[in-house]
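In: Got a sequence here, can you model it:
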Amino acid sequence: MSEHSTTGPESRDRLSALLGPVVEASGLVLEDVALKTSGTGLVLQVLVDLPEGLEGGVDLDRIAEVSRALSEELDREDPVPGSAYELEVSSPGATRELSLPRHWRRAVGRLVRVNPVEGERFTARLLEAGEDAVVLQRSHQAKKGMPPRLLEPERWALADVRRARVEVEFTD
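Out: The predicted structure follows:
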């Protein structure tokens, strides 16, 4: 099934203005909203997250709660006049992309995969996160079977990071 975004900047802003207050009233943050074609219909995708400072992810009960509230608002204010659509509400998940400073702050302590503007991509532990820079600590494993050695922490300007994503860690 192919998906194609039909949400331009104006439409995204209009949808965010409509849905943002409903999401915030539910105690969550509106991450993104998009209207996409999927198969023969439209899907209104709403991505929500916990506010900064809260640990963990959004549980299914909270997703259901905000979905009901969004559905009620959408029944009052039809965002796609004359078109049927399916509402899809979700959270970023375990391997979320880190695109805003608050995403980085929520991921402190986690392992992240970084694709820098220049150089090779790498994996490192996120030690600190600010508005415009982060501190990352890479490790180096000299030989297979040997414990990795932690390298000196490095400060990276967010402007020097093309893309980054939280990595899932499997522990023994």
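In: Helices along the protein, start to end?
Out: Remark: helices assigned in the chain by DSSP state H are 9-25, 60-76, 101-106.
In: ranking those by burial, who's on top?
Out: helix 101-106 (a mean of 20; mean count of other Cβ atoms under 10 Å). Every C-beta, even on glycine, is put in place using the N, C-alpha and C of the backbone.
In: State the mean pLDDT of that one.
Out: For helix 101-106, mean pLDDT rounds to 89.
In: picking that back up, in CSV: the helices of the chain, plus distance to P51.
Out: What follows is the helices of the chain, written out as CSV (distance: least, Cβ to Cβ, whole Å):
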stretch, distance to P51
helix 9-25, 9
helix 60-76, 12
helix 101-106, 9
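In: Just tell me which of these ends up closest to N115.
Out: helix 101-106 (14.3 Å; Cβ to Cβ).
In: Name the residues that touch the closest one?
Out: 49-50, 52, 96-98, 126, 129-132, 134, 158, 164 (Cβ atoms under 8 Å, 6 or more residues apart in numbering).
In: Quick one: residues contacting L70.
Out: Here L70 is in contact with 19, 22-23, 46, 87, 89 (criterion: Cβ under 8 Å, 6+ apart).
In: measure the closest residue to R163 other than its chain neighbours to E65 for me?
Out: Take R163 and drop its neighbours on the chain: the residue closest to it by Cβ to Cβ, 6 or more residues apart in numbering is N115, 4.3 Å away. In this view, N115 and E65 are 35 Å apart by Cβ to Cβ, to the nearest Å.
In: how far away is L126 from T37?
Out: Counting by Cβ to Cβ, the gap from L126 to T37 is 36 Å.
In: Between those two, tell me which one has more neighbours.
Out: L126 (23 against 14; other Cβ atoms under 10 Å).
In: Show me what that one is bridged to.
Out: Here L126 sits in beta bridges with L136, as judged by DSSP bridges.
In: thinking it is in contact with R110, fair?
Out: Yes - between L126 and R110 there is a contact under Cβ atoms under 8 Å: 5.7 Å.
In: Tell me the pLDDT of the residue in the chain sticking out farthest from the centre.
Out: No residue in the chain sits farther from the centre than K143, which is 34.9 Å out by Cα atoms, centre = their mean. Confidence at K143, expressed as pLDDT, is 80.
In: What are the neighbouring residues in contact with it?
Out: Contacts of K143 by Cβ under 8 Å, 6+ apart: none found.
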